[in-house]
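Asks: Pasting the sequence and the predicted model now:
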Amino acid sequence: MSNIFKFQPDIFKQLMRTKLANILTVLRDKLINFYIWAACLMLVSGYLMQSFGLSKDFGLFQLGGILSSVGLFELYGNAIAFVADIEGDRNITYYLTLPTTAFTFLCSYVCYYAIIGISMSIFLLPLAKLILWNQMSLMGINWPKLLLFIVLINFLYATATILLSALVPAMDKFDILWIRFIFPLWFLGGFQFSWTSVNLVVPWLSYAMLLNPVTYVTEGIRAALIGQDGNISFWICCGGLMVIWIFIGFWAFKAIKKRLDFVS
């Protein structure tokens, strides 16, 4: 067991250098697409929806939902690319031939995916300030909590990418994965509403939401972004997601080990 989870930092650094060599090109394309989606949402929620009676702070509230979605959407795209490689060119087999442990090269995948998600989340904040302007007070944000949480959730989503890549049997099954699992988790995880508001209107649904990991993602982001009032405790969200991350990490390693049939 100790050999299976052996981490080789020198080789890990070389793997990360290789993966990050073209990160600016990758980020440019991803940010353009993401900015268009996020900007449309912030403009509608920050200005148009207020004319229908929503709170003047709804734009900032929606920003929390957007930030919580970055890693989840990246997870889906990254898992598709991972499975496509397994079924196609199998470039991943090259890493399996290197004089390193599987745990080391899998960590490089997780860190690369997490860096992309973290970068996209952080680069969104200047755009959000530009669009929301007076609705978004930079002094009102708990920056240490926000940055900590952005790192945590993107590493969680990055690890989940490995798990999904191991569990989805073929490319044609990804539509089923999106419709049956990812979309319900995202849409019912507080993207457009808070857990407290649901608890006041439909209590049974709010308790069911506590089984959804995405709920803790959106609640934790908003607790750091707009304050603790009306949101699940930030530290409860952190603790819950840490436990989920550890569980997913062990499951992901066992599942991908079985699918790729590697030894160490």
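Replies: Perfect, I can see it now. Numbers count the residues shown, from 1 in each chain.
Asks: for the stretch 151-264 of the chain, what spans make up the helices?
Replies: When assigned using DSSP state H, counting those that start in this stretch, the helices of the stretch 151-264 of the chain occupy the ranges 174-177, 183-187, 195-201, 203-209, 213-226, 234-260.
Asks: which one of those lies closest to residue 121?
Replies: Nearest to residue 121, of all those, is helix 213-226, at 9.3 Å by C-beta to C-beta. Glycine gets a C-beta too; all of them are placed from N, C-alpha and C.
Asks: which helices and strands sit right next to the closest one?
Replies: The contact analysis (3 or more C-beta pairs under 8 Å, 6 or more residues apart in numbering; DSSP states H and E) places helix 213-226 against helix 58-87, helix 143-167, helix 183-187, helix 234-260.
Asks: thinking again about what came up before, please identify the deepest-packed of the helices of the stretch 151-264 of the chain.
Replies: helix 213-226 (a mean of 26; mean count of other C-beta atoms under 10 Å).
Asks: hmm, back to that, a markdown table for the helices of the stretch 151-264 of the chain, including mean pLDDT and distance to residue 32?
Replies: What follows is these, written out as a markdown table (pLDDT from 0 to 100; distance: least, C-beta to C-beta, whole Å):
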| stretch | mean pLDDT | distance to residue 32 |
| --- | --- | --- |
| helix 174-177 | 85 | 23 |
| helix 183-187 | 93 | 22 |
| helix 195-201 | 94 | 33 |
| helix 203-209 | 95 | 33 |
| helix 213-226 | 95 | 23 |
| helix 234-260 | 92 | 29 |
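Asks: Please name whichever of the ones you listed is nearest to residue 137.
Replies: Distance to residue 137, taken as C-beta to C-beta, is lowest for helix 213-226 among these, at 9.5 Å.
Asks: contact partners of that closest one?
Replies: For helix 213-226, the external contacting residues (C-beta atoms under 8 Å, 6 or more residues apart in numbering) are 57, 60-61, 63-65, 67-68, 72, 140-142, 145-146, 148-150, 153, 156, 185-186, 188-191, 194-195, 209, 231-234, 236-238, 240-241, 244.
Asks: Filter those residues down to the buried ones, ChimeraX style.
Replies: Selecting only the buried entries of those in ChimeraX, with 16 or more other C-beta atoms under 10 Å as the criterion:
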select :60,61,63,64,65,67,68,72,141,142,145,146,149,150,153,156,185,186,188,189,190,191,194,195,209,231,232,234,237,238,240,241,244
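Asks: Residue 42: which element?
Replies: helix 23-43 (DSSP states H and E).
Asks: ok, residue 111 - how many residues close by?
Replies: 17 (other C-beta atoms under 10 Å).
Asks: meant to ask about residue 139
Replies: 5.
Asks: wait, what's in contact with it?
Replies: Per C-beta under 8 Å, 6+ apart, neighbours of residue 139: none.
Asks: Just read off the phi/psi values of it.
Replies: Residue 139 has phi and psi values of phi -80, psi -20 when expressed as degrees, to the nearest 10.
Asks: What separation is there between it and residue 129?
Replies: Using C-beta to C-beta, to the nearest Å, one gets 12 Å for the distance from residue 139 to residue 129.
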